[in-house]
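> Next input, structure requested:
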Amino acid sequence: MRIAVMAAGAVGGYFGGRLAAAGHDVFFIARGAHRDAIAKNGLKIESTLGNLHLKDAKVTDDPAKVGPVDAVMFAVKLWDTESAAAQAKPLVGPDTRLITLQNGVDSVERIAPILGADHVVGGIAYIATVIASPGVISHTSPFAQMRCGRIDAKPDAPLTAFANAAKAAGVDIAVSDQINKDRWEKFVFLVAVSAMTSATRAPLGPIMADADNRAFFRRLMEEVLAVGKAKGVALDDAYIDQQMAFAEQKAPKTMKASMCHDLERGNRLELDWLSGKVVEFGRALGIPVPANEAIYTLLKLHRMGRQG
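Model (predicted):
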């Protein structure tokens, strides 16, 4: 298959690398030092599931040079969603499916008016990765899962074909008929882990080992779940207990959210689309979200990154 990865950051680069290693024609859309390093030295993936070095990775900063593809794995930062979707137009042919692998819960709705609703598919990725240095992706979790599906839950042959190809390449992927619920479930956990690791500048292990921090982590998730239910999403209260158990027993003790990595590096934060979005939804729906309001306030002055 012809596949584009936009952008070839920590998430897109990892999954794109696995597909390229399996023989698919993968084009990595990147820019700056990351693009230059991939062009010069290839793409390196250092992973708990096996290292990989694509010495001749195809990389460009111009989607127009790639042309239409079968699938686009869309993993840009949330503030770039609309502008990147517009730039992705040359990648989209009659049967192309663009799969959103971003954080947040509204990417499909933001992209569909730009590229057409039939081309845009909801997606989520469960993986802990970071760009360790330009051209090098570090994958530290024992899991690397991708779930995708149409928001309207209709069968989709082009999407199924992509999922089958990815599965044959060794990717843990499934097509879901309840992707809206799936993305909200991820949002519940992601908001909490992004908030706590960023606010404390600590990994998940010490957070869960401390009674006060563990309780605050739970409150953050409970607020997001309440907002999701108020928006009509069929979320189960028992999900909170499941995610608490995951965080305490299965998640890597060294796990930090991508927002925490961005904060440590002085980069722009996705805060407005995570805790900030919960605050926005909560105010609109009349749902109290004091824990998320506290996180948003504490991190707000850092959300644009270091200036100058």
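> only C-alpha atoms for contact and neighbour calcs from this point on.
Noted.
> Now do the phi/psi pair for the residue lying closest to residue 182 once chain neighbours are set aside.
The shortest distance from residue 182 to any non-neighbouring residue, by Cα to Cα, 6 or more residues apart in numbering, is to residue 124 (7.7 Å). Main-chain torsions, residue 124, degrees, to the nearest 10: phi -140, psi 150.
> residue boundaries of the strands in the stretch 51-200 of the chain?
With DSSP state E, counting those that start in this stretch as the criterion, the stretch 51-200 of the chain has strands at 52-54, 58-60, 69-74, 92-100, 120-133, 136-149, 172-175.
> So the residue nearest to residue 182 sits against residue 102, correct?
Yes. Counting by Cα atoms under 8 Å, residue 102 is a contact partner of residue 124 at 6.9 Å.
> So those two - more neighbours on which side?
residue 124 (27 against 23; other Cα atoms under 10 Å).
> Contact partners for that one?
If a contact means Cα atoms under 8 Å, 6 or more residues apart in numbering, then residue 124 has 100-103, 146-148, 182-183, 186 as its contacts.
> you'd agree residue 235 is in a strand?
No. According to DSSP: H, G, I helix; E, B strand; the rest coil, residue 235 belongs to no strand; its state is coil.
> Quick check: the closest residue to it other than its chain neighbours vs residue 105, distance?
Nearest in space to residue 235, with sequence neighbours left out and distances taken as Cα to Cα, 6+ apart, is residue 229 at 6.1 Å. Distance, residue 229 to residue 105, by Cα to Cα, to the nearest Å: 13 Å.
> How about residue 253?
Shown here: residue 253 relative to residue 105, a distance of 26 Å by Cα to Cα.
> and residue 249, how many residues sit next to it?
Counted with other Cα under 10 Å, residue 249 comes out at 12.
> Surely residue 54 and residue 42 touch.
Yes. With contacts counted by Cα under 8 Å, residue 54 reaches residue 42, the gap being 5.3 Å.
> Let me see the mean pLDDT of stretch 68-76.
Throughout stretch 68-76, pLDDT has a mean value of 98.
> again with stretch 81-88
98.
> swap in stretch 196-215?
98.
> Output it as CSV, nothing but the C-alphas.
Taking Å, rounded to 0.1, in the frame of the first residue of the first chain, the C-alpha atoms of stretch 196-215 are listed here in CSV:
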residue,chain,number,x,y,z
MET,A,196,-0.3,14.8,36.5
THR,A,197,3.0,14.2,34.8
SER,A,198,3.2,17.7,33.6
ALA,A,199,2.1,19.4,36.8
THR,A,200,4.5,17.3,39.0
ARG,A,201,7.3,16.9,36.4
ALA,A,202,7.3,13.3,37.6
PRO,A,203,6.7,9.9,35.9
LEU,A,204,3.6,7.8,36.6
GLY,A,205,5.2,5.5,39.1
PRO,A,206,5.8,8.0,41.9
ILE,A,207,2.5,9.7,41.2
MET,A,208,0.6,6.4,41.8
ALA,A,209,2.7,5.6,44.8
ASP,A,210,1.6,8.7,46.6
ALA,A,211,-1.9,8.7,48.2
ASP,A,212,-2.6,12.4,47.5
ASN,A,213,-1.4,12.4,43.9
ARG,A,214,-3.2,9.1,43.2
ALA,A,215,-6.5,10.5,44.5
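> Show me which positions of that stretch end up buried.
Judged by neighbour count (16 or more other Cα atoms under 10 Å), stretch 196-215 contains these buried residues: 196-199, 203-208, 213-214.
> Throw the residues you listed into CSV and include distance to residue 63, thanks.
CSV is the format used below for the buried residues of stretch 196-215 (distance: Cα to Cα, whole Å):
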residue, distance to residue 63
196, 36
197, 34
198, 33
199, 36
203, 36
204, 37
205, 40
206, 42
207, 41
208, 42
213, 44
214, 44
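> ok so, going back, which residue of residue 229 and residue 105 possesses the greater neighbour count?
A side-by-side neighbour count of residue 229 and residue 105, using other Cα under 10 Å, places residue 105 first with 23 against 15.
> isn't the more buried one right up against residue 183?
Yes. Between residue 105 and residue 183 there is a contact at 6.1 Å, judged by Cα under 8 Å.
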